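Colleague: Give me the fold of what follows.
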Amino acid sequence: MDLEKKVKVVILMSTYNGEKFLKKQIESILNQKDVLVRIIVRDDGSVDDTQKILNMYKKKGLLNWYTGENKKTARSFLDLIDKAPKADYYAFSDQDDVWLSTKLITAIKKLKKFDDSPALYAGNYKLVDENLNELISMNIHKTTTEFNEAIVYSCCTGCTMVINNKLMENIKGKHPKYIFMHDDWIHKVCLGIGGNVIYDDSKKLLYRQHDNNVEGGKHGLIDKVMKVYSDKKNNKHVMQKQLLEILRLYKHQLTSDNYLLARYAIDKSKGNFLDRLQLAFNKKYKIKESKKLNHEFKIALILNYW
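Modeller: Here you go, the predicted model:
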């Protein structure tokens, strides 16, 4: 395929003390088939050799990077979004995974039919250990594709995501005061404004599990539920506040149905115990394929930290 005809994809990567696995991940991105990649990295204040590795690739003209204060993962990615150059598509990268060579082109082929509206692709992944040996996992991964389900939980893994330019135009320059994670935010915004979310069950990414994962190393469904439970409990009302931010920043872009879904969820979650109970057992707010996440949503509301 001619270089001029290849689709341009900007890869946004946030790093933090990632020296151990970073080279392997960068090489897997550079080896993507049938696309032109441009890698932009924001280092979140690493104190190991991460910045030396990034400088090595920068000197070869293979990526650009910058650093700043330690913002943590979500805010670091939002900063990358603000600084992202124009491209046809954008993908988000962790520092320690490995991408199969057809990861991006597979996503783009599925996204192309939605180029005239905001769209997001999310895929499945193969769980591996730090040496890339496949791990047995009970994880049933499925990205939610309806806004009412996304209010319960987005189930969208950021390192599998690819978004089109229309969606980037809608998230760039927006600065939420409260955010759970960048992938959760982007996914909810896309669905809220009437965009399309495409889930692909094919596994084009090796999701490396190790002791130093930024967001934790365990990815079984029960482990993920417990992590969500812990994160929300330690960040009281973060989901409610994030939904309020979507209303504040996108009030005039949300579809009428989605506005009402968000408004109801916020009002009930801020109410008394009976109000929260009504939301918890409202059948509109339910993920069809995850009883465990539905139970976690109910618990968060009943204990008043959702």
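Colleague: mind listing the strands for this protein?
Modeller: Using DSSP state E, the strands assigned to the chain run over residues 7-15, 35-43, 63-67, 89-93, 98-99, 119-128, 162-164, 196-208.
Colleague: packing partners for the fifth one?
Modeller: Packed against strand 98-99 by the contact rule (3 or more C-beta pairs under 8 Å, 6 or more residues apart in numbering; DSSP states H and E) you find helix 22-30, strand 196-208. (Glycine included, C-beta is placed from N, CA and C.)
Colleague: Kindly report the same for the longest one.
Modeller: On a contact count with 3+ C-beta pairs under 8 Å, 6+ apart, strand 196-208 meets strand 98-99, helix 103-111, strand 119-128, helix 182-192.
Colleague: the inter-axis angle of the second one versus strand 7-15?
Modeller: Our comparison of helix 103-111 with strand 7-15, counting by axes from the mean of the first three to the mean of the last three C-alpha atoms, to 10 degrees, yields an angle of 120 degrees.
Colleague: try the third one
Modeller: Between strand 119-128 and strand 7-15, the angle comes out at 50 degrees (the same axes, to 10 degrees).
Colleague: picking that back up, most tightly surrounded among the helices and strands packed on strand 196-208?
Modeller: Most buried of the helices and strands packed on strand 196-208, by mean neighbour count (mean count of other C-beta atoms under 10 Å): helix 182-192, with a mean of 25.
Colleague: sorry, back to before: for the strands of the chain, which one ends up most surrounded?
Modeller: strand 162-164 (a mean of 26).
Colleague: show me what contacts residue 83?
Modeller: 40, 42, 66 (C-beta atoms under 8 Å, 6 or more residues apart in numbering).
Colleague: Residue 177: what's it in contact with?
Modeller: Here residue 177 is in contact with 241, 245 (criterion: C-beta under 8 Å, 6+ apart).
Colleague: out of everything not next to it in sequence, what's closest to residue 43?
Modeller: Spatial nearest neighbour of residue 43, chain neighbours left out: residue 67 (4.2 Å); criterion: C-beta to C-beta, 6 or more residues apart in numbering.
Colleague: was I right about that neighbour contacting residue 55?
Modeller: No - Residue 67 is beyond contact range of residue 55, at 10.8 Å (criterion: C-beta atoms under 8 Å).
Colleague: low-confidence ranges in the chain?
Modeller: 1-4, 138-140, 212-234 (pLDDT under 70).
Colleague: center of it - which residue?
Modeller: residue 183 (2.1 Å; C-alpha atoms, centre = their mean).
Colleague: What separation do you get for that one and residue 197?
Modeller: Distance, residue 183 to residue 197, by C-beta to C-beta, to the nearest Å: 12 Å.
Colleague: show me the contacts for the residue nearest to residue 164 when sequence neighbours are not counted.
Modeller: Leaving aside its chain neighbours, residue 164 sits nearest to residue 119 (4.8 Å; criterion: C-beta to C-beta, 6+ apart). For residue 119, the contacting residues are 111, 163, 164, 166, 167, 190, 195, 196, 197, 198, by C-beta under 8 Å, 6+ apart.
Colleague: change it to 10 Å
Modeller: 89, 110-113, 162-167, 190, 195-198 (C-beta atoms under 10 Å, 6 or more residues apart in numbering).
Colleague: how close does residue 73 sit to residue 80?
Modeller: 11 Å.
Colleague: Compare the two (neighbour count), which wins?
Modeller: residue 80 (21 against 17; other C-beta atoms under 10 Å).
Colleague: The more buried one against residue 91, yeah?
Modeller: No - Residue 80 is not in contact with residue 91 according to C-beta atoms under 10 Å; the separation is 11.3 Å.
Colleague: tell me, what's touching these two both at once?
Modeller: What both residue 80 and residue 91 touch, as defined by C-beta under 10 Å, 6+ apart, is the set 10, 11, 12, 13.
Colleague: In a markdown table, list these along with distance to residue 275.
Modeller: Below are the shared contacts of residue 80 and residue 91 laid out as a markdown table (distance: C-beta to C-beta, whole Å):
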| residue | distance to residue 275 |
| --- | --- |
| 10 | 43 |
| 11 | 43 |
| 12 | 39 |
| 13 | 42 |
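Colleague: of those, closest to residue 101?
Modeller: residue 11 (14.1 Å; C-beta to C-beta).
Colleague: what residues are up against the closest residue to the closest one other than its chain neighbours?
Modeller: Nearest in space to residue 11, with sequence neighbours left out and distances taken as C-beta to C-beta, 6+ apart, is residue 39 at 4.6 Å. Neighbour list for residue 39: 9-13, 26, 29-30, 54, 57-58, 62-65, 91, 93 [criterion: C-beta under 10 Å, 6+ apart].
Colleague: Much appreciated, bye for now.
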